[in-house]
Every structure is written in structure tokens, then in C-alpha cells.
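>>> This is the structure alone, sequence omitted:
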Ligand SMILES: [Zn+2]
């Protein structure tokens with residue numbers, strides 16, 4: 001006499017796990033990689049965070065724009081675009097604060 005008439009081999013433990021698998025952490029990291037990269041990058045002049053604006057990264061303090069080519073940000077200050085009304089690097093807030101080493 002078997003309980004409920006169901007043999008043990010028919011109760012597949014895999015069915016009980018259905019849908020409860022954790023999302024692999026490496027997959028989450030891949031999906032967030034661009035934000036992670038942005039979080040690591042800072043303005044080379046003032047070491048302050050950057051924000052994404054289209055195909056450029058913009059310093060949140062001195063407003064200098066660093067272009068992104070093929071997903072790779074160009075962090076060279078020589079090739080960065082200075083904000084409106086700023087004629088030279090030494091006028092930038094990030095340089096004037098004294099953190100920059102030009
Ligand atoms: Zn800056």
C-alpha cells in the first residue's frame with residue numbers, strides 16, 4: 001500500500017525548483033557594465049564624477065566634455081571639449097581648485 005498511490009520517482013524535485021533560480025550575478029554585472037564604468041571614471045583634472053550626455057562624458061564640476069568613440073571614453077584632456085566661455089584649461093573650476101596636475 002503506497003501513500004496517495006504516487007510512486008516516489010514521479011515526484012520530480014526539479015519541478016519544485018521551478019522559477020526560483022537566482023539570477024546569475026555575472027549576468028547582472030554584464031548588464032550594468034556601462035554604469036559601472038561610468039562610476040569608475042572621474043574628471044582627470046579635478047577627480048570628480050562624470051555624467052553621461054549622449055556620446056560624451058561631462059564633468060559635473062568643470063563641464064568639460066570627453067567624447068565616447070565606439071563605447072570607449074577618450075579621457076585625454078588635450079582632446080576634451082572645454083565648456084562655453086572657457087578659453088584655457090587654467091580657467092576651469094577643476095584646475096582652479098588645485099587638484100589638477102597639468
Ligand atoms: Zn572637471
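On my side now, so go ahead. Owing to the predicted nature of the structure, the values given are computational and were not obtained by experimental measurement.
>>> So which helix or strand of the chain has the lowest pLDDT on average?
Lowest by mean pLDDT, DSSP states H and E among the helices and strands of the chain is helix 13-17, with a mean of 52.
>>> interface residues of the chain facing the ion?
Residues of the chain lying close to the ion by CB under 5 Å from the ion are 43, 45, 46, 59, 61, 62, 94. In short, each C-beta sits where N, CA and C put it, glycine included.
>>> Most neighbours among the residues you listed, which one is it?
Neighbour counts for the residues of the chain next to the ion peak at residue 43, which has 26 neighbours (criterion: other CB atoms under 10 Å).
>>> Grab the nearest non-local neighbour of it.
Setting aside the residues directly before and after it, residue 43 is nearest to residue 59 in space (CB to CB, 6 or more residues apart in numbering), at 3.9 Å.
>>> And the helices in the chain?
13-17, 25-31, 33-40, 93-96 (DSSP state H).
>>> ok so, going back, in strands, which of the residues of the chain next to the ion appear?
The strands, defined by DSSP state E, take in residue 59 from those.
>>> Which members of the residues of the chain next to the ion are the farthest-apart pair?
For those, the maximum inter-member distance is 8.7 Å, found between 45 and 61 (CB to CB).
>>> where in this structure is pLDDT low?
Applying pLDDT under 70 to the chain flags the ranges 1-23, 26-34, 98-102.
>>> can you do 90?
Along the chain, segments meeting pLDDT under 90 span 1-40, 70-72, 96-102.
>>> before we move on, back to that, list the contacts for the residue nearest to residue 43?
Contacts for residue 59 (CB atoms under 8 Å, 6 or more residues apart in numbering) come out as 43, 45, 46, 48, 50, 65, 66, 94.
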